[in-house]
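everything below, folded, please.
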Amino acid sequence: MSTLLTLTTAAAADPMVVAAGGTGLLDWLTNKLSDLQAVFRLLSVVGGMGFVIWQGISSRGAMARIIIAGIAAGIFIWIVWNVTALQTRVNNEVNAVRAPVTQSQVIAASWASHQFTSTYPST
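Prediction:
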């Protein structure tokens, strides 16, 4: 608990927190994480370009390998830049209201649960 109090005191004493109008650890942490997100976005672009250049050099200019590396780098960069949009889309689909049950599904369920009795005489 003393560590949390120390962090809260350090964050409250930080001039960036005071200038931003924040009053606690969560505001300070939110600001730091948004700065870190910008750094990760920049690193993903630089890393994607470096990957394409590295593949071009290692393949001695083979266009197929460069194009595939460019597509892979583009997908990677798109995912990094749109991670919050992807998170929102998946969250909406997972937590969506279930579709109403149709009549054919109800009939199939009742048909499967119906117990049949044999009409043949037992021997």
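
going forward, measure contacts and count neighbours with C-alpha atoms only.
Noted.

which other helices and strands contact the helix or strand where Val45 lies?
Per DSSP states H and E: Val45 is located in helix 25-58. Using 3 or more C-alpha pairs under 8 Å, 6 or more residues apart in numbering; DSSP states H and E, the elements in contact with helix 25-58 are helix 2-13, helix 63-81.

how about the next helix or strand after the longest one, which residues are buried there?
Read that as helix 63-81. Where DSSP H and E defines the elements, the next helix or strand beyond helix 63-81 is helix 83-94. Of all the residues in helix 83-94, not one is buried under the rule 16 or more other C-alpha atoms under 10 Å.

now the angle between helix 63-81 and helix 83-94, please.
70 degrees (axes from the mean of the first three to the mean of the last three C-alpha atoms, to 10 degrees).

quick check: mean pLDDT across helix 83-94?
Averaging pLDDT along helix 83-94 yields 82.

measure how buried Ile53 is and give me the count.
16 (other C-alpha atoms under 10 Å).

and the gap between it and Gly61?
10 Å (C-alpha to C-alpha, to the nearest Å).

mind telling me which of the helices and strands packed on helix 25-58 the model trusts least?
Across those, helix 2-13 gives the lowest mean pLDDT, at a mean of 60.

returning to that earlier point: what angle separates the helix holding Val45 from helix 63-81?
180 degrees.

which parts of helix 25-58 are buried?
25, 27-28, 31, 41, 44-45, 48-49, 51-53, 55-56.

kindly report the same for stretch 58-73.
Buried, per 16+ other C-alpha under 10 Å, within stretch 58-73: Arg65, Ile66, Ala69, Gly70, Ala73.

now the third one: how far from Leu42?
Taking C-alpha to C-alpha as the criterion, Ala69 is separated from Leu42 by 18 Å.

now the fourth one
Between Gly70 and Leu42 the distance, using C-alpha to C-alpha, works out to 17 Å.

for Met63, see how far away the closest residue to Ala69 other than its chain neighbours is.
Excluding the flanking residues, the one nearest Ala69 by C-alpha to C-alpha, 6 or more residues apart in numbering is Val52, at 5.4 Å. Val52 is 11 Å from Met63, where distance means C-alpha to C-alpha.
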